[in-house]
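J.: Provided below are the primary sequence and the corresponding predicted coordinates.
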Amino acid sequence: MNPSLSNSRIIDESRQGEPFYSTDSETLTSPELKQFYIESYGCAMNFSDSEIVASILTECKYSPTREIEQADLVLLNTCSIREKAEETVRKRLRTIDQLKKQKPGMTVGILGCMAERLKKTLLEEEKLVDLVVGPDAYRDLPNLLNQVDDGDKGINVLLSREETYADINPVRLQSNGVTAFISIMRGCDNMCSFCVVPFTRGRERSRDPFTIVSEAEHLFGAGYRDITLLGQNVDSYKWIHPETQEVYSFARLLELVAQVHPDLRVRFSTSHPKDMLDDVLHMMAKYENICKYIHLPVQSGNSRILSLMNRTYDRAWYEDRIRAIRKIVPDCAISSDIIAGFCTETEEEHQDTLSMIKWADYSMSYMFFYSERPGTLAARKYKDDIPEDVKKRRLNEIVQVQNEVSRANLARDIGKTFKVLIEGDSKKSDQDFKGRNSQNKMVIFKKIPGVQPGDYVNVLIEDATSATLMGRAV
Ligand code: SAH
Ligand code: SF4
Ligand code: F3S
């Protein structure tokens with residue numbers, strides 16, 4: 001097993017390639033409609049974008065299908081974050097190419113970050129696709145599909161400074177009816193030296209807060225009880241009212257969304273340590289329904305490496321932020337992203353990352369070894385000089401330490417009672433429900449009569465693994 005996948009994550013490869021389909025009656029298939037099939041790879045932003053794409057397509061005579069063989073249009077919404085993510089998509093495209101040979105009318109399109117990064121390559125050199133659409137060009141899909149119908153290829157990879165798809169009501173695909181994502185911003189203005197996202201997603205821009213609140217209200221009315229506000233760096237959310245010039249910060253947005261209803265849980269991802277300030281923490285402490293969980297990627301525990309990574313904070317700053325969380329939101333769980341074997345990293349510097357995991361007591365982490373991405377600052381400035389076997393060994397050590405820390409962290413919850421939002425049946429048994437507590441920890445417990453997904457129950461924790469809490473409803 002790839003160690004980076006050992007803790008299940010909603011962001012990144014563990015969910016990659018899941019087909020999207022709808023259970024909504026409004027999108028039931030009809031014979032006049034062409035059918036589209038969409039697979040999403042990468043982060044939650046991509047999964048959220050696929051719901052925007054689905055909305056645009058259902059407006060123009062397409063309906064979703066979960067059977068790729070039945071599809072007239074096959075779309076892959078792709079990720080470029082690491083080389084492996086791109087390889088997976090290329091492999092998938094070659095399989096789809098075989099399918100296309102049996103079904104000549106089928107259109108194959110590539111969306112998302114790989115479309116943006118590779119532009120014409122997949123269309124012209126490799127001839128694997130008919131359609132290439134970057135993350136800011138989804139409104140152009142109907143027009144591009146017409147071009148393809150006329151026998152041309154369709155490509156639009158223009159990045160925008162304004163597009164937030166604020167007015168588009170996403171079609172909730174593959175939904176459990178309880179949890180949903182809401183995009184609050186797009187792009188990223190940070191230039192972490194290892195990262196391709198600023199190149200594939202363009203400049204940072206924030207979405208009108210009133211459209212976010214109205215989407216949250218709509219979701220609550222439809223039975224959803226847990227929403228995650230999404231952005232690459234949510235703490236730098238900033239929207240200026242065009243008439244009053246009033247400034248809406250992330251803390252203010254959080255408050256507006258928390259006020260939608262006390263029974264609507266509000267989560268957010270991702271927080272950048274340099275921007276995560278006390279105002280957000282005070283807002284979390286003020287509202288019970290703002291979940292006590294922060295994903296605060298450290299990347300490395302060593303200040304020299306952090307500086308090479310251009311993360312713009314050092315270890316001391318990061319530790320100060322964790323102390324602030326502990327003080328202002330004492331029951332908050334913290335998780336992280338970690339990169340092993342960044343350029344020039346020494347064994348001692350790697351040890352600093354291990355000690356950081358222990359000190360920060362992360363409930364979980366997403367862990368990767370460094371993968372050089374063409375065009376990034378690191379690719380241009382530094383040599384990718386840590387041998388692959390060393391990177392992998394360091395990653396294994398990181399995974400091992402994190403597993404121990406997670407196990408101890410979750411074990412301390414035994415004997416506590418948590419308010420759990422039921423999300424559905426547990427994977428292993430339909431006799432059990434699964435749900436999460438405010439700290440984003442998965443909780444499994446025996447079903448009791450009279451409750452269903454979307455309900456809150458109090459669960460007394462009786463046992464724990466490194467990833468899951470087990471208990472009984474009380
Ligand atoms: N905006 C988020 C991260 C988005 S990418 C943030 O700043 O925290 C998700 C994670 O992928 C990153 O946090 C990082 O740990 C990892 N990652 C990004 N580029 C990578 C690369 N070139 N090699 C390995 N891991 C990478
Ligand atoms: Fe990439 Fe850094 Fe932006 Fe995150 S904050 S998306 S790691 S550049
Ligand atoms: Fe991947 Fe793009 Fe997200 S590179 S991680 S899909 S922003």
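T.: Arrived safely. Ligands and ions are numbered 1, 2, ... in the order given.

J.: Find the closest residue to ligand 3 in the stretch 101-250 of the chain.
T.: In the stretch 101-250 of the chain, the residue that lies nearest ligand 3 is residue 113 (3.3 Å; Cβ to the nearest ligand atom). Yep, even glycine has a C-beta here, placed from its N, CA and C like the rest.

J.: Kindly export the top helix by length along the chain (C-alpha atoms) in PDB.
T.: Across the chain, the longest stretch assigned as helix under DSSP state H is helix 388-411. Extracted in PDB, the C-alpha atoms of helix 388-411 (Å, rounded to 0.1, in the frame of the first residue of the first chain):
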ATOM      1  CA  GLU A 388      13.900   7.900  -4.000                       C
ATOM      2  CA  ASP A 389      14.700   5.200  -1.500                       C
ATOM      3  CA  VAL A 390      15.700   7.700   1.100                       C
ATOM      4  CA  LYS A 391      12.500   9.700   0.500                       C
ATOM      5  CA  LYS A 392      10.400   6.500   0.800                       C
ATOM      6  CA  ARG A 393      12.200   5.500   4.000                       C
ATOM      7  CA  ARG A 394      11.700   8.900   5.600                       C
ATOM      8  CA  LEU A 395       8.000   8.800   4.500                       C
ATOM      9  CA  ASN A 396       7.600   5.400   6.200                       C
ATOM     10  CA  GLU A 397       9.100   6.800   9.400                       C
ATOM     11  CA  ILE A 398       6.700   9.800   9.200                       C
ATOM     12  CA  VAL A 399       3.700   7.500   8.700                       C
ATOM     13  CA  GLN A 400       4.800   5.200  11.500                       C
ATOM     14  CA  VAL A 401       5.200   8.100  14.000                       C
ATOM     15  CA  GLN A 402       1.900   9.700  12.900                       C
ATOM     16  CA  ASN A 403       0.200   6.300  13.400                       C
ATOM     17  CA  GLU A 404       1.500   6.100  16.900                       C
ATOM     18  CA  VAL A 405       0.500   9.600  17.700                       C
ATOM     19  CA  SER A 406      -3.000   9.100  16.200                       C
ATOM     20  CA  ARG A 407      -3.500   5.900  18.200                       C
ATOM     21  CA  ALA A 408      -2.600   7.700  21.400                       C
ATOM     22  CA  ASN A 409      -4.600  10.700  20.500                       C
ATOM     23  CA  LEU A 410      -7.800   8.700  19.800                       C
ATOM     24  CA  ALA A 411      -7.200   6.500  22.800                       C
END
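
J.: Check what contacts that helix and list those residues.
T.: The contact list for helix 388-411 (Cβ atoms under 8 Å, 6 or more residues apart in numbering) reads 3-4, 6-7, 333, 338, 340-341, 345, 350, 353-354, 357-358, 361-365, 367-370, 386, 441, 464-469.

J.: same thing but 7 Å
T.: 3, 6, 338, 340-341, 350, 353-354, 357-358, 361-365, 367, 369-370, 441, 464, 466-467, 469 (Cβ atoms under 7 Å, 6 or more residues apart in numbering).

J.: element containing the residue of the stretch 101-250 of the chain closest to ligand 3, please.
T.: Per DSSP states H and E, residue 113 falls inside helix 112-118.

J.: Could you list every helix and strand that that helix packs against?
T.: Here helix 112-118 touches strand 73-78, helix 197-201, going by 3 or more Cβ pairs under 7 Å, 6 or more residues apart in numbering; DSSP states H and E.

J.: Identify each buried residue in the helix or strand just after that helix, please.
T.: Proceeding N to C from helix 112-118, the next assigned helix or strand is helix 121-124, under DSSP H and E. By 16 or more other Cβ atoms under 10 Å, the buried positions in helix 121-124 come out as 122-123.

J.: next one: helix 121-124 to chain centre, how far?
T.: Computed by Cα atoms, centre = their mean, to the nearest Å, the chain-centroid distance of helix 121-124 equals 27 Å.

J.: What mean pLDDT does the very next helix or strand once past it get?
T.: Next helix or strand after helix 121-124 toward the C-terminus (DSSP H and E): strand 131-133. Strand 131-133 carries an average pLDDT of 96.

J.: how far does the helix or strand following strand 131-133 sit from the chain's center?
T.: Counting by DSSP H and E, the element after strand 131-133 in chain order, helix or strand, is helix 141-149. Relative to the chain's own centre, helix 141-149 is displaced by 29 Å; criterion: Cα atoms, centre = their mean.

J.: Give the buried residues for helix 141-149.
T.: Within helix 141-149, judged by 16+ other Cβ under 10 Å, the buried ones are 141, 144-145, 147-148.

J.: ok, now stretch 184-192?
T.: Neighbour-count burial for stretch 184-192 [16+ other Cβ under 10 Å]: 184-188, 190, 192.

J.: Would you mind measuring the gap between the ends of it?
T.: 21 Å (Cα to Cα, to the nearest Å).

J.: Run the chain-centre distance for it.
T.: With Cα atoms, centre = their mean, you get 14 Å for stretch 184-192.

J.: And stretch 287-304, by the same measure?
T.: With Cα atoms, centre = their mean, you get 15 Å for stretch 287-304.

J.: Is there proximity between it and ligand 2?
T.: No - using Cβ under 6 Å from any ligand atom, stretch 287-304 never reaches ligand 2; the gap is at least 7.2 Å.

J.: Surely residue 454 is in a strand?
T.: No - assigned with DSSP: H, G, I helix; E, B strand; the rest coil, residue 454 falls outside any strand and is coil.

J.: So what's the residue count around it?
T.: The number of residues packed near residue 454 is 19, by other Cβ atoms under 10 Å.

J.: distance of it from residue 268?
T.: Distance of residue 454 to residue 268, given as Cβ to Cβ, to the nearest Å: 21 Å.

J.: next one: residue 208
T.: Counting by Cβ to Cβ, the gap from residue 208 to residue 268 is 17 Å.

J.: Show me which of those two is the more surrounded one.
T.: Per other Cβ under 10 Å, whichever of residue 208 and residue 268 has more neighbours is residue 268, with 26 against 16.

J.: Give me the residue ranges of the stretch 51-200 of the chain where confidence is low.
T.: Scanning the stretch 51-200 of the chain for pLDDT under 70 picks out nothing.

J.: For whatever helix or strand residue 99 lives in, which residues meet the burial criterion?
T.: Under the criterion of DSSP H and E, residue 99 resides in helix 83-102. Residues 84-86, 88-89, 92-93, 96, 100 are the ones in helix 83-102 that count as buried (16+ other Cβ under 10 Å).

J.: Appreciated, that's everything.
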